[in-house]
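Model the structure of this input:
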Amino acid sequence: MTQPIRLAINGASGRMGRALLALIREDGRFELVSALVSKSSAHNGAPVFPELPSLLRYSDEWDAIAADVVIDFSGPDGLASAIAYCVAHDAALVTGTTGIDASLQTKLDEASQRIPLLHATNFSLGVAVLKRLLRQAAAALPDWDLEIIEAHHNRKEDAPSGTALTLGHAAAEARGTTLAKDAVYTREGRPGARRSGSIGFAVVRGGDVVGEHTALLLGQGECVELSHRATDRSIFARGALEAAAWLAGRKPGSYDIDDMLQARVAG
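You can find the predicted model right below:
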């Protein structure tokens, strides 16, 4: 019988961490070996989980962990610690942390030379399909205006969302440009007429919205709208567990959800 994958969850007290803990109880592919939380969040409603008291670790207690895969939904500082642990212990890393700056991105790139690493801004299969469709539409309609609108709950700290940026990068690449050159993140006052070829972003924050993303391609007299709406946060947790199971034991490299989907189709 195949041994279960030893799994550590970094950011266990957050929304995604709680969803993962709820699902892993029924998933025989994994053995939960640790649930890591920051000291501040540990005193603010830790997830109810039968084995959590013995598995709970603070985010500075990585040395007490023996994991095959780490799933990280923490924050930039927590992700940096997870990278260091995984590189030192040859563990695979699945991360959905967003708000990553250039320095942390460099650490991810360097780590992927040593360990299997899958970073995704969204673990929904529906969003993966949306990304593919937007890439095709942006290339087929290169002269149409493109706007990306996203909405999330009122506790989300970064904006635009990582998923919105991922969609923007995909569209920009399909049009032979980059967000660094053509993205427009703010408009106020009198910014003037829309610049041809620009990719606009709009952000909504409020309530308990799980996640909504819409790409608008606007031409003369017509509009194409591509949308995805998440109504249950568990879809992201399920996707992260699928990614962890797929990534365990793979050779070092940088992977994404498309790689996992393509491997499933091919296999």
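
What are the boundaries of the helices in the stretch 151-267 of the chain?
For the stretch 151-267 of the chain, the helices defined by DSSP state H, counting those that start in this stretch cover 162-174, 179-182, 234-247, 257-266.

Nearest to Glu225, out of the ones you listed?
helix 162-174 (13.2 Å; C-beta to C-beta). C-betas here are computed from N, CA, C, even on glycine.

starting at the chain centroid, how far to that closest one?
Relative to its parent chain, helix 162-174 has a centroid offset of 13 Å by C-alpha atoms, centre = their mean, to the nearest Å.

Also compute the angle for that helix relative to helix 257-266, please.
80 degrees (axes from the mean of the first three to the mean of the last three C-alpha atoms, to 10 degrees).

Which other helices and strands does helix 162-174 contact?
The contact analysis (3 or more C-beta pairs under 8 Å, 6 or more residues apart in numbering; DSSP states H and E) places helix 162-174 against helix 125-140, strand 145-152, helix 179-182, strand 199-205, strand 211-218.

if you take the average position of this structure, which residue is closest to it?
Of all residues in the chain, the one closest to the mean position by C-alpha atoms, centre = their mean is Thr121, 2.3 Å from it.

Tell me who's in contact with that one.
Gly96, Thr98, Ser161, Gly162, Thr163, Leu165, Thr166 (C-beta atoms under 8 Å, 6 or more residues apart in numbering).

that older thread, can I get the helices of the stretch 151-267 of the chain in a markdown table including distance to Leu134, mean neighbour count and mean pLDDT?
A markdown table is the format used below for those (distance: least, C-beta to C-beta, whole Å; neighbours: other C-beta atoms under 10 Å; pLDDT from 0 to 100):
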| stretch | distance to Leu134 | mean neighbour count | mean pLDDT |
| --- | --- | --- | --- |
| helix 162-174 | 5 | 22 | 96 |
| helix 179-182 | 13 | 13 | 97 |
| helix 234-247 | 19 | 21 | 94 |
| helix 257-266 | 13 | 14 | 82 |
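
For Leu55, which of the ones you listed is the nearest?
helix 234-247 (16.4 Å).

Please report the distance of the nearest residue to Pro142 once chain neighbours are set aside from Arg233.
Nearest residue to Pro142 in three dimensions, chain neighbours excluded: Arg175, at 5.5 Å (C-beta to C-beta, 6 or more residues apart in numbering). As judged by C-beta to C-beta, to the nearest Å, Arg175 and Arg233 stand 32 Å apart.

picking up where we left off before, and the helices of the stretch 151-267 of the chain: which comes nearest Ala202?
Per C-beta to C-beta, nearest to Ala202 of the helices of the stretch 151-267 of the chain: helix 162-174, 9.0 Å.

still on that earlier bit, and the residue nearest to the centre of the chain, how far is that from Leu167?
Applying C-beta to C-beta to Thr121 and Leu167 gives a distance of 9 Å.

Then Leu55?
On the measure of C-beta to C-beta, Leu55 and Leu167 end up 36 Å apart.

Pull the contacting residues for the closest residue to Phe236 other than its chain neighbours.
Among residues not flanking Phe236 along the chain, Phe123 sits closest, at 4.6 Å (C-beta to C-beta, 6+ apart). Contact partners of Phe123, counting by C-beta under 8 Å, 6+ apart, are Gly96, Ile235, Phe236, Ala237, Arg238, Gly239, Ala240, Glu242, Ala243, Ile257.
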